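# after the sequence you'll find the predicted model.
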Amino acid sequence: MKSRAAAIALLAYVVALGLLVLWPTHPEAFLTPQLTALTTSFAAHPSTAWITYGVLNGVANVVLFVPLTLLAVLVFGRGWWFLIFAAGAAASAGAELFQATFLPGRTPDVSDIVAGGIGALLGVAIGVLTARSGSKRRATDQSVTEHKEEASSPDGTGE
């Protein structure tokens with residue numbers, strides 16, 4: 001395990017995500033007046049008329065799965081990126097299947113599965129890049145420390 005803090009954050013996020021996607025009714029229902037006002041406002045301007053509820057819902061489904069796989073890469077390491085991506089995409093599909101089977105108050109949609117898969121891929125990519133830059137930074141820090149130790153010894157051997 002790479003990071004205790006990332007592991008705790010991942011566990012907390014999995015619980016929150018589980019509650020959100022398995023809630024028996026649409027979780028955004030309490031925001032209906034605000035979402036209606038927002039989409040009406042967007043529709044009133046030609047440059048933003050394309051931002052509909054469907055677009056906002058799709059973006060939300062992408063964003064929902066980014067932290068899941070990002071944190072998983074930070075916890076398990078970038079070498080597991082493909083399995084983490086597959087698990088994130090499967091979680092998206094599993095959530096929609098569960099909603100279709102057991103939650104009549106929810107509206108499962110194939111586009112939500114695709115959006116969740118895109119979010120899982122983005123999270124993995126950010127995680128791999130973050131882990132890579134972190135390992136490069138640690139290697140640079142170690143090299144600088146070793147160089148300083150060598151320079152500070154009388155014979156240049158660091159001893």
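That came through fine. Residues are numbered from 1 along each chain as shown.
# for the helix or strand harbouring Ala16, buried residues please.
Per DSSP states H and E: Ala16 is located in helix 4-22. Judged by neighbour count using 16 or more other Cβ atoms under 10 Å, the buried positions of helix 4-22 are Ala6, Ala7, Ala9, Leu10, Tyr13, Leu17, Val21. Any C-beta I mention is one placed from the backbone N, CA and C, and that applies to glycine too.
# contacts for it?
Contacts of helix 4-22 from elsewhere in the structure, counted by Cβ atoms under 8 Å, 6 or more residues apart in numbering, are 1, 27, 64, 67-68, 71-72, 74-75, 91, 95, 98-99, 103.
# let's see that with 6 Å instead.
Residues outside helix 4-22 that contact it (Cβ atoms under 6 Å, 6 or more residues apart in numbering): Met1, Pro27, Pro67, Leu71, Leu74, Val75, Ala95.
# name the nearest residue to the fifth one, ignoring sequence neighbours.
When you say that, I think you mean Leu74. Nearest residue to Leu74 in three dimensions, chain neighbours excluded: Ala6, at 4.0 Å (Cβ to Cβ, 6 or more residues apart in numbering).
# and the gap between the one you found and Tyr13?
Distance of Ala6 to Tyr13, given as Cβ to Cβ, to the nearest Å: 10 Å.
# just Pro46 next, same as before
38 Å.
# wait, Cys25 sits on Pro104?
Cys isn't right for residue 25; it's Thr. No: taking Cβ atoms under 6 Å as the definition, Thr25 is not a contact partner of Pro104, at 9.8 Å.
# good, we can wrap up now.
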